[in-house]
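>>> 3D, please:
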Amino acid sequence: MAALDPVLNDIDHDLDNALARLFSFLRIPSISTDPAYAGHCREAAAWLEGTLAAIGFETGIHETSLHPVVLAHAPKPGKPHVLFYGHYDVQPVDPLSLWETPPFEPRIATDAAGEKRIVARGASDDKGQVMTFVEACRAWKAMDGELPCGVTILIEGAEENGSQGLPEWVAANRDKLAADIVLVCDTSMWNSTTPAITTSLRGLAYFEVKVTCADRDLHSGFFGGAAANPIHVLAKIIADLHDTEGRVTLPGFYEGVRETPPEILEQWRGLDLSPETFLGPIGLSQPSGERGRMLIEQIQSRPACDANGIIGGYTGEGTKTVIASQASAKISFRLVDDQDPEVLATTFEAFVRERIPADCSVEVVCYKGSRAISLPFDMPELDIAKAALAAEWGVPPVTIGAGGSIPIVGDFKRLLDRNTLLIGFGLDDDRIHSPNEKYDLRSFHKGTRSWARILGAFGGL
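A predicted model of the protein is given here:
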């Protein structure tokens with residue numbers, strides 16, 4: 001730990017060079033979802049491998065069923081070993097006309113408050129976040145000659161495409177990924193001055209329900225009141241999924257859902273996340289989830305069910321008096337703790353079939369699900385990371401849950417049996433996946449310093 005101050009000073013003095021390196025990375029249009037950019041994805045992988053090799057990592061590019069992964073090792077026998085994960089691929093830039101400047105020509109912009117921002121596709125998701133860790137490693141190597149602990153870096157190129165091919169690659173390469181803890185920098189801070197550690201991710205179960213009644217569309221004047229209407233059937237199924245208290249009504253749905261510890265709930269109360277601040281900007285004012293739960297619980301630590309789309313009948317201009325023969329709905333469940341998506345699939349299908357009229361039929365399509373991830377609140381690595389972040393930011397980090405899902409984190413637990421610390425420095429207004437994506441310069445700079453502190457703290461174990 002004696003070497004930490006020179007490392008932090010080096011990060012401060014080398015910021016312009018670090019930005020130049022990041023800008024080189026950002027100029028590569030590594031859009032993973034468009035086959036036309038496959039060559040650029042490979043170019044980004046090669047750039048990253050060369051960057052890590054120059055620092056002193058043992059590096060390699062490994063093929064998957066889609067885009068290659070970059071793997072880099074810097075072992076340190078006798079010290080803890082961390083596995084850092086990120087991705088070099090980015091989202092498409094459409095609509096291009098809404099970008100103020102070309103998306104792959106990174107620039108520094110200054111907002112109305114005088115804060116400097118890095119603007120480019122991938123600035124926050126996830127190239128800027130990846131480079132905070134890489135630059136922290138660079139500073140340690142420059143000042144101390146070696147890293148304070150063992151480090152493996154795994155950077156994939158298909159995260160924006162559902163991490164296609166990565167779980168299979170991880171399963172086949174467990175021996176290359178041995179570590180004590182996994183670190184992920186693809187999340188956000190609580191706000192611009194308060195760091196956060198994400199300790200849970202909700203899982204996902206996704207279904208499509210297709211109801212068929214008559215063998216063709218019917219004239220509602222001839223058949224209305226007598227013929228079964230698949231839209232009505234679907235509407236009843238969707239309505240029956242919640243009771244008047246906002247709870248999901250599937251039998252056994254809440255089995256495996258644990259209560260959040262009182263001390264964590266008390267911390268969340270202090271965050272003062274209100275309907276006015278959270279729902280107001282989107283034109284709403286009243287939480288619609290479980291009654292008696294704080295809003296922050298509803299979006300982070302409690303399960304949820306939503307209809308994501310419903311299709312059926314005539315939806316064109318004007319009128320058409322028709323009773324559709326078929327209607328479909330897409331329905332998703334966000335899962336927490338020990339809820340099992342496979343068990344849920346069986347329960348949900350039975351729930352749906354019980355509500356189908358005898359002379360109608362239904363098809364329930366189950367898409368791939370993922371289990372929730374929860375870290376033990378008493379794990380020592382969590383306390384170490386908390387202390388390091390508090391030292392950098394001057395305030396203790398918030399331990400929060402994330403309402404969304406990052407399936408590969410579940411795969412790390414399932415395939416490597418390792419917990420993951422999710423520590424990111426993005427902000428809610430970074431416009432990821434949208435035009436004019438940005439990453440605050442302060443996030444990049446202090447994010448790098450934060451990782452340097454965390455690596456030093458792990459090395460001190």
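
>>> ok, and what's touching the strand or helix carrying Ile155?
Assigning secondary structure by DSSP states H and E places Ile155 in strand 150-156. By C-beta atoms under 8 Å, 6 or more residues apart in numbering, the residues outside strand 150-156 that reach it are 45, 48, 52, 57, 64, 67, 69-77, 79-89, 130, 133-134, 137, 163, 166, 176-179, 408, 455. In this view, the C-beta of every residue, glycine as well, is placed from N, C-alpha and C.

>>> Can I get the buried part of these as one ChimeraX selection?
Remark: buried members of these, expressed as a ChimeraX selection using 16 or more other C-beta atoms under 10 Å:
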select :45,48,52,57,64,67,69,70,71,72,73,74,79,80,81,82,83,84,85,86,87,88,89,130,133,134,137,163,166,177,179,408,455
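
>>> From the contacts of strand 150-156, which land in helices?
45, 48, 52, 130, 133-134, 137, 166, 408, 455 (DSSP state H).

>>> Tell me which of those residues has the lowest pLDDT.
pLDDT across those is lowest for Ile408, at 84.

>>> so who does that residue touch?
Residues near Ile408 by C-beta under 8 Å, 6+ apart: 85, 156, 159, 163, 166-167, 170.

>>> Please identify the helix or strand for Gly410.
helix 407-411.

>>> mind saving the C-alpha coords of that helix as PDB?
In PDB, the C-alpha atoms belonging to helix 407-411 read as follows (Å, rounded to 0.1, in the frame of the first residue of the first chain):
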ATOM      1  CA  PRO A 407     -26.900 -12.800 -17.700                       C
ATOM      2  CA  ILE A 408     -23.100 -13.400 -17.900                       C
ATOM      3  CA  VAL A 409     -22.800 -12.500 -14.200                       C
ATOM      4  CA  GLY A 410     -25.100 -15.500 -13.500                       C
ATOM      5  CA  ASP A 411     -22.900 -17.600 -15.700                       C
END
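
>>> In its sheet, which strands sit next to the strand holding Ile155, and in what direction?
Partner strands and pairing direction for strand 150-156 (DSSP bridges) are strand 69-74 (antiparallel), strand 81-87 (parallel).

>>> pLDDT value on the spatially most central residue of the chain, please?
Nearest to the mean C-alpha position of the chain, counting by C-alpha atoms, centre = their mean, stands Ile406 at 4.4 Å. As predicted, Ile406 sits at a pLDDT of 76.

>>> Quick check: chain neighbours aside, which residue is closest to it?
Leaving aside its sequence neighbours, Ile406 sits nearest to Leu201 (C-beta to C-beta, 6 or more residues apart in numbering; 5.7 Å).

>>> Same question for His433.
Spatial nearest neighbour of His433, chain neighbours left out: Gln91 (4.8 Å); criterion: C-beta to C-beta, 6+ apart.

>>> what do you get for Gly309?
Sequence neighbours aside, Lys330 is the residue nearest to Gly309 in space, at 4.4 Å (criterion: C-beta to C-beta, 6+ apart).

>>> can you pull the buried residues of stretch 91-106?
Residues of stretch 91-106 classed as buried under the neighbour-count rule (16+ other C-beta under 10 Å) are 91-93, 99, 103-104, 106.
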